[in-house]
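A.B. asks: return a 3D structure for these sequence lines:
(4 chains)
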There are 2 protein chains.
Amino acid sequence: MPSTIPVISEAESLVMHVLWRKAPQTSEEIVGALQTSSDWHEKTIRTLLNRLLGKGAVRAEKEGRRYLYSPILSREQWQSHESRNLLDRVFGGKVAPLLVHFSRNEKLTAKDIAELRKLIDAIDRKES
Amino acid sequence: MPSTIPVISEAESLVMHVLWRKAPQTSEEIVGALQTSSDWHEKTIRTLLNRLLGKGAVRAEKEGRRYLYSPILSREQWQSHESRNLLDRVFGGKVAPLLVHFSRNEKLTAKDIAELRKLIDAIDRKES
DNA sequence: CTACTGAGATTACATCGGTAATCCGTGCTC
DNA sequence: GAGCACGGATTACCGATGTAATCTCAGTAG
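C.D. replies: Residues are numbered from 1 along each chain as shown, chains lettered A, B, ... in the order given. Predicted coordinates:
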């Protein structure tokens, strides 16, 4: 857990996704994964990986003459951070308008709704 | 309603907020409002206003020798846009994880919860 | 008429992010 | 041993963004 959450750019986040799915990985694997899902040049991917290292979002351990890369920043931390950010920037920090927005504008599946209802009940019970 | 939603930077969004609260306004009013809530230089604020004009996010009508500025992009459009963005970038486009995240990690007031419950019921009824 | 002022237009400049290309060092290939 | 290949490090370049300063021109004050 990094004490300060580093800022991850959008391109960088795609690299993180690869590492969140599986870690550690060599740069070669990472490059491979991203080349099938994007049209980035190998050099580009290495640059992103390096920037992530610099930011402390990933860690590299020497394995022989190569490095093995692993995420330091977890996906959950990142999601939390980004969500907080949206909440503050766009909804003035208030949760309700955001939830209302999503409920209104995004089609929720029955499953989503059930899930949500369960959550609310849980919170509700805990709170009283 | 602009057909293409312009990208609003964070600094620019603060200018938009001033206009969303009240419009139209002269640049002087806008500058005044932002100088009390930020430490931006007047020049900075005018630059931002100009960039917003260039992006088509605000409109300026001549009033005598001055302009009166109004938003073209609505707050709701912008919120929608930014939310969609977060959803896609961070939660893989799926609403449920996002809602779960917010429900878990953000303290919801009783009012929030009530509001949410109402919404869910409404959606639920509509859907069946 | 003349100089000054204030709003808007233009220009500036550093940093970040997207997207690479180049450089460097060390094993592998003959 | 001489050169090549490959991973990693360094450097590059452009547009966007944050943050202004300068330029211009039309009124206003004398």
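
A.B. asks: what does chain A put close to DNA strand C?
C.D. replies: Applying C-beta under 7 Å from any atom of the strand, we find that chain A lies next to DNA strand C at A:7, A:9-12, A:39-41, A:43-44, A:46-48, A:65. From N, CA and C alone the C-beta is placed, and that goes for glycine too.

A.B. asks: by neighbours, which of these wins?
C.D. replies: Neighbour tally across the residues of chain A next to DNA strand C (other C-beta atoms under 10 Å in any protein chain shown): the maximum, 21 neighbours, falls on A:Leu48.

A.B. asks: which pLDDT does the model give the closest residue to DNA strand D within chain A?
C.D. replies: Taking C-beta to the nearest atom of the strand as the measure, the point where chain A comes nearest DNA strand D is A:Ser27, at 3.0 Å. With respect to pLDDT, A:Ser27 scores 97.

A.B. asks: of all the residues of chain A next to DNA strand C, which comes closest to B:Asp124?
C.D. replies: Lowest distance from B:Asp124 to the residues of chain A next to DNA strand C (C-beta to C-beta) belongs to A:Glu10, with 34.9 Å.

A.B. asks: next, the contact list for the most centrally placed residue in chain A, please.
C.D. replies: Centroid check for chain A by C-alpha atoms, centre = their mean gives A:Arg75 as the closest residue, at 4.1 Å. Contacts of A:Arg75 were listed using C-beta atoms under 8 Å, 6 or more residues apart in numbering or on different chains, and they are A:16, A:20.

A.B. asks: need the residues of chain A near DNA strand D, please.
C.D. replies: Contact residues, chain A versus DNA strand D (C-beta under 7 Å from any atom of the strand): A:26-28, A:43, A:46-47, A:50, A:53, A:60, A:66-67.

A.B. asks: from those residues, which would you call buried?
C.D. replies: Buried subset of the residues of chain A next to DNA strand D (neighbour count, 16 or more other C-beta atoms under 10 Å in any protein chain shown): A:27, A:60, A:67.

A.B. asks: adding distance to A:Glu82, write those out as JSON lines.
C.D. replies: As requested, those are exported to JSON lines (distance: C-beta to C-beta, whole Å):
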{"residue": "A:Ser27", "distance to A:Glu82": "25"}
{"residue": "A:Ala60", "distance to A:Glu82": "24"}
{"residue": "A:Tyr67", "distance to A:Glu82": "27"}
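
A.B. asks: going by distance to A:Val95, which of those residues wins?
C.D. replies: Comparing those against A:Val95 with C-beta to C-beta places A:Ala60 closest, at 37.7 Å.

A.B. asks: how would you label that closest one: helix, strand or coil?
C.D. replies: Secondary structure for A:Ala60, judged by DSSP: H, G, I helix; E, B strand; the rest coil, is strand.

A.B. asks: lovely, talk soon.
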